[in-house]
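# Following is a predicted model, sequence given first.
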Amino acid sequence: MKLNVLKNTAIAFISLCTVMSCVKDDDYELPDNKKVLPAFAGKVVSFSDVASRTTATIKTYSADEAIEGYVISSDEGGNFYKKIYIQNEDKTQALSVALDKSGIYTEFPIGAKVQLRLKGLTTQLNNAITEVGYKIYKNEKSGRESVGSMAEAIYKTHLYDMGGERKTLASLAKEVTSIDAVKNNANAGQLITLKGVHFPNEVVGKTMYDKNKDLGGATNYKLTDANGKTIDFRTSSYAKFKDEKVPAGTLDITGVLSKFNTSWQFMVSNYADIKVVSSATTTSTQTSTQTATVVALDAATATVADYVVGKRVKLHGIITVKSNRTYITFKDGTEIQVYAPREVTLSQAAKDKLLMAGYEIAVTGVFTDYPLKNGTVVKEIIYSKESDIEFIKAPATVPQITTLDATTATVADFEANKDKRVLLKGTLTPEAKNTYIHLSDNTKIQVFIVSSVYKKLSAEAKNKLKTAGQKIEVKGTFDVYNGSKQIKCEDANDLVFKN
């Protein structure tokens, strides 16, 4: 009996020690978070080293090298998909990694230090950033090639969480107040905090994603800084915060800067990355998205000295048209392009009037510089809605739409009607991804339908556009884009298919 008591006491003591040991391990001793990586005999190189070996042509990385950096994006919020961005410790360079996996954030959360072993992976310089993936992916529709996404079995042997302390979003981000200053290829893919920015009044309170303003599966809203400069803020239709409201006031927003062709974009990982600094927008330079005094300005007496970037004005003048673009010219010859962001919806009547030389108008907007690749700076007045334009008086002689038949028209007819609206009758000839109408001298005129109109076309209409020999009447503007002659159609009603 005594032996049994002692035995039970010993068991109880051992159990107590075990429980105490577990409590101590779980609650009082922080585990060592540094992870042991598989052996690596290669060399850790800088992001610059990798960038110097990367070109627009997809190549397989042959050197036994790796880079180390911090994860700065997350797919937890649904705004990023099957891709992570990695930034170097100095916050001077970044690259993207394509992974064929959702829920990446569970393995590689924001702030995690990672090592990416490059040998055997593919790289490409695309939209100003080094993209890393596996093999080559070819889009069957467009024929475009890009790096392929890494399957789990592949990235498990190339991408490693190094453990250690996770960095905070704030410590990883580079703070800037000037949108123009950040629009630089060197900043592509980096984590940026845009300070003191705001959304336009007309989108405040709307949902972050608006299906009526879908552009490639996302909605773009303009973010504006204190100088009136803007950048597209992009929210995916798959973002978990797509139904959240666009906030008012002055904001500090942390996100990844990216580039698509020539357009800069800004994307956040989570809605919480948008911080309201002030409920009222109060900046020294008033912009079109703020409540501000509007200065009346008449082009007949204005000079370049009246053009001040960020200045909100109601500009009165007469339309001139060049290369299918609308301008108002000052007394001293300074040309101001009349421009609206892509998301602004205009009626066809307004579009027609804006391309009518000699029309007297008054437009309310903000003076903004737009730099071109060749270094030229275009002076613009940016308006945000159709009601910002007052059409005062049509020209004495309203230009008539010229009707041309492709069977008799030549390149001379195209040149004579360049930047003018015409009705072109002809037969469609699909070539590669585009559709053309051939004039009698074999001049090719591309039928270009703006994306917002093309998306709304019926499947039948889209099929007809791809059908060789289909007779058609197209009403649009003769223009030249990247050396290609085109007729630009901006209304579905301007396409008439003939039997």
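Sure, I can see it. All values derive from a computational prediction rather than experimental measurement.

# buried stuff in stretch 366-374?
Val366, Phe367, Thr368 (16 or more other C-beta atoms under 10 Å). C-betas here are computed from N, CA, C, even on glycine.

# Among those, which ones are in helices?
Per DSSP state H, helices hold no members of these.

# want to throw these into JSON lines with distance to Ala349 and pLDDT?
Formatted as JSON lines, these follow (distance: C-beta to C-beta, whole Å; pLDDT from 0 to 100):
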{"residue": "Val366", "distance to Ala349": "24", "pLDDT": "85"}
{"residue": "Phe367", "distance to Ala349": "26", "pLDDT": "88"}
{"residue": "Thr368", "distance to Ala349": "26", "pLDDT": "84"}
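
# can I get the residues you listed in JSON lines with distance to Tyr481?
Formatted as JSON lines, those follow (distance: C-beta to C-beta, whole Å):
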{"residue": "Val366", "distance to Tyr481": "27"}
{"residue": "Phe367", "distance to Tyr481": "26"}
{"residue": "Thr368", "distance to Tyr481": "23"}
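
# which among the residues you listed gets closest to Gly216?
Distance to Gly216 across these (C-beta to C-beta) is lowest for Thr368, with 24.0 Å.

# List the beta-bridge partners for that closest one.
In this entry, Thr368 is beta-bridged to Glu380, by DSSP bridges.

# Relative to Lys331, which of the buried residues of stretch 366-374 is nearest.
Phe367 (16.1 Å).

# Grab the nearest non-local neighbour of that closest one.
Lys311 (4.9 Å; C-beta to C-beta, 6 or more residues apart in numbering).

# Likewise for Lys498?
Lys471 (3.9 Å).

# worst-scoring helix or strand of this structure, pLDDT-wise?
When the helices and strands of the chain are scored by mean pLDDT, DSSP states H and E, helix 2-23 comes last with a mean of 40.

# After that one, which helix or strand is next?
Downstream of helix 2-23, the next assigned helix or strand under DSSP states H and E is strand 43-44.

# if I pick Thr57, what's in contact with it?
Counting by C-beta atoms under 8 Å, 6 or more residues apart in numbering, Thr57 touches Gln124.

# What separation do you get for it and Leu125?
With the distance defined as C-beta to C-beta, to the nearest Å, Thr57 ends up 9 Å from Leu125.

# tell me the helices in the chain, going along the chain?
Going by DSSP H, the chain shows helices at 2-23, 47-52, 152-155, 169-172, 179-182, 348-354, 411-416, 451-454, 459-465.

# Sketch out the low-pLDDT regions of the stretch 351-499 of the chain for me.
397-399 (pLDDT under 70).

# just so I have it, where are all the strands in the stretch 201-350 of the chain?
Secondary structure of the stretch 201-350 of the chain (DSSP state E, counting those that start in this stretch): strands at 218-224, 230-236, 250-260, 263-267, 274-278, 295-298, 312-322, 325-329, 335-339.

# any chance of those in TSV, plus mean pLDDT, distance to Ala432 and mean neighbour count?
Output for the strands of the stretch 201-350 of the chain, formatted as TSV (pLDDT from 0 to 100; distance: least, C-beta to C-beta, whole Å; neighbours: other C-beta atoms under 10 Å):
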stretch	mean pLDDT	distance to Ala432	mean neighbour count
strand 218-224	95	27	23
strand 230-236	96	29	23
strand 250-260	95	22	21
strand 263-267	95	24	19
strand 274-278	88	42	15
strand 295-298	91	47	15
strand 312-322	91	30	19
strand 325-329	94	27	20
strand 335-339	95	31	19
